[in-house]
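In: Only the shape, not the letters, is given here:
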Ligand SMILES: Nc1ncnc2c1ncn2[C@@H]1O[C@H](COP(=O)(O)OP(=O)(O)OP(=O)(O)O)[C@@H](O)[C@H]1O
């Protein structure tokens, strides 16, 4: 996806593409929620999916992981066994009392293979350690806080050592120290080659890790490029000034739809080489 007609001589190897979604449309009930979304995520990228409430972020990630059917378009992602998915605001404590260890172990089950693999306890311990909950492994999940339950679900997604991790607002309602710990864990995993697509309302502690931001508005991509800077300046280190394109900024920032995640840094969504902004 480029803004110019110049031939893309530096096209990456197709094997580097982890998510390739083209012209994805999703309808829910009578709503046409996604209206032709294109998204490419390459190996090692950490892509933040941003946008106002109701812009279609969760719908897009659910369509990508196969939890929702697309009405049309194509989606290419790794096989389910190579993907970890943490949905939005789901409790790790289901109807049946279960321990953190049991919930995380369920991430190792596969259709057609309902037995845990040899060495599962070590794998589960390692995954819980990544989210700082190894010492709570035998605790019932309904005795954990909401933020801790969220971390159990992240461990369940990580236990299968995915090549792609898809997270829907993983730090919503999570306290600052836990957010920092989560960001440190992500930093280690990304250094090991993990690719991440993460729905966020603000970059927060993940800001240093995010390589690209994709902004949705009314089910369409309105920005695909540099992430916003928390300081209101441009994300690129060699960029010396911010370009005042008020109209585009308002549109990209959500306009009347009220995208307010980065009011003081919306200029960072404009005028960046490689950025495509569609009306
Ligand atoms: N089951 C459904 N039937 C009809 N419309 C739905 C359904 N689920 C979601 N929608 C609508 O689809 C639109 C996109 O919802 P989605 O949850 O993808 O937005 P979002 O960007 O993730 O929002 P938020 O930031 O609030 O989580 C919303 O207008 C929502 O009302």
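Out: In hand now; what should we look at? These numbers come from a predicted model, not from an experiment.

In: For the stretch 151-279 of the chain, which segments count as helices?
Out: Along the stretch 151-279 of the chain, the stretches classed as helices by DSSP state H, counting those that start in this stretch are 176-191, 246-252.

In: If I average pLDDT within each of these, which one is lowest?
Out: Mean pLDDT is lowest for helix 246-252 among the helices of the stretch 151-279 of the chain, at a mean of 34.

In: Return the distance of the residue most central in space within the chain relative to residue 120.
Out: For the chain, the residue nearest the mean C-alpha position is residue 198 (1.3 Å; C-alpha atoms, centre = their mean). Look at residue 198 and residue 120: by C-beta to C-beta, to the nearest Å, they are 27 Å apart. Placement of C-beta: from N, CA and C, glycine included.

In: and what of residue 60?
Out: 32 Å.

In: between the two, who's got more neighbours?
Out: Comparing residue 60 with residue 120 by other C-beta atoms under 10 Å, the one with more neighbours is residue 60, at 30 against 17.

In: what kind of secondary structure is the more buried one in?
Out: The local conformation at residue 60, judged by DSSP: H, G, I helix; E, B strand; the rest coil, is helix.

In: quick one: what helix or strand has residue 25 in it?
Out: Residue 25 is part of strand 17-28 when elements are defined by DSSP states H and E.

In: what about that strand and the ligand, any contact?
Out: Yes: judged by C-beta under 6 Å from any ligand atom, strand 17-28 comes into contact with the ligand at residue 28.

In: Could you please name the strands that strand pairs with and the direction of each pair?
Out: According to DSSP bridges, strand 17-28 forms sheet pairs with strand 31-42 (antiparallel), strand 72-76 (antiparallel).

In: burial of residue 68, as a residue count?
Out: Neighbourhood size, residue 68 [other C-beta under 10 Å]: 18.
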